[in-house]
Structures are given as C-alpha cells and as structure tokens.
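Trainee: when you get a sec, could you give me coordinates for this:
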Amino acid sequence: MQEIQDVQSFKNEIKKELYKTGELAVFTRYISGNLYYSIKFKDKTYEFPISTVEKGTNELVLSADLGTTSFESTIKGSYLNRWISKAIDNNEFNQI
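Mentor: The predicted model follows:
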C-alpha cells in the first residue's frame, strides 16, 4: 500500500508542478506507434511514451485515447498529464 501512495504522491507532485511552472514537454521521437516526449521536473529530465495505436490487434487502429489532441513539437506539459500518469503507472516514465 505504501508503494501505491508514493506513486500517487509522485503523480500529484508532477501535476502541480506542471500547472504552476508551465513547463514545456518536447517531442523527441516516434517509434513503433509511440510518440515520445521529454519533460524537466526537479532538475531532471524524464521521457514518456504516448501510444498512437491500439495494442493487441492485427490491424492498424488509432488509439481512442488520443481524441482530437494536437501533438506539437513543444506542448505545455500539463496538457499531457493524462499520458504522464499512464506512463508512471506502466513504469514507462524514465529519467534520461
């Protein structure tokens, strides 16, 4: 249970910081159906994926999670909180 609370605290801390500072996320690359963005948080740089396709299907299906989101080369990090949280939950929010 402690581990879950620490993860939730970390996610909340990042969300607050991104809203407060307006820090920009920077597009770094596209690989195997994932957009990768990097963001600075507490003097460290983290990278996370945003899946553009549904996994587990034999055909190419765009991810319903994307909606009408416009992904630019730089974007306010707070706009990507949904995917940052998912990356943390999936252990894909990695310090680089």
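
Trainee: from here on, contacts and neighbour counts on C-alpha atoms
Mentor: Noted.

Trainee: where does the residue in the chain sticking out farthest from the centre fall, phi/psi-wise?
Mentor: Most distant from the centre of the chain: N58, at 25.0 Å, with distances by C-alpha atoms, centre = their mean. Per-residue torsions, N58: phi -90, psi -10 (degrees, to the nearest 10).

Trainee: check contacts around the residue positioned nearest the centre of the chain.
Mentor: Of all residues in the chain, the one closest to the mean position by C-alpha atoms, centre = their mean is I84, 3.0 Å from it. By C-alpha atoms under 8 Å, 6 or more residues apart in numbering, I84 lies in contact with F48, F93.

Trainee: now name the helix or strand holding it.
Mentor: According to DSSP states H and E, I84 maps onto helix 81-89.

Trainee: and that helix, average pLDDT?
Mentor: Helix 81-89 carries an average pLDDT of 94.

Trainee: tell me the pLDDT at the residue farthest from the centre of the chain?
Mentor: Note on N58: pLDDT of 75.

Trainee: gap between it and E72?
Mentor: 28 Å (C-alpha to C-alpha, to the nearest Å).

Trainee: and if you look at T21?
Mentor: 19 Å.

Trainee: do a quick rundown of the helices in this structure.
Mentor: 2-21, 81-89 (DSSP state H).

Trainee: just say which of the ones you listed is most tucked in.
Mentor: Compared across the helices of the chain, helix 81-89 shows the largest average neighbour count, a mean of 17 (mean count of other C-alpha atoms under 10 Å).

Trainee: taking helix 2-21 as reference, get the angle to that one.
Mentor: If you take axes from the mean of the first three to the mean of the last three C-alpha atoms, to 10 degrees, helix 81-89 sits at 150 degrees to helix 2-21.
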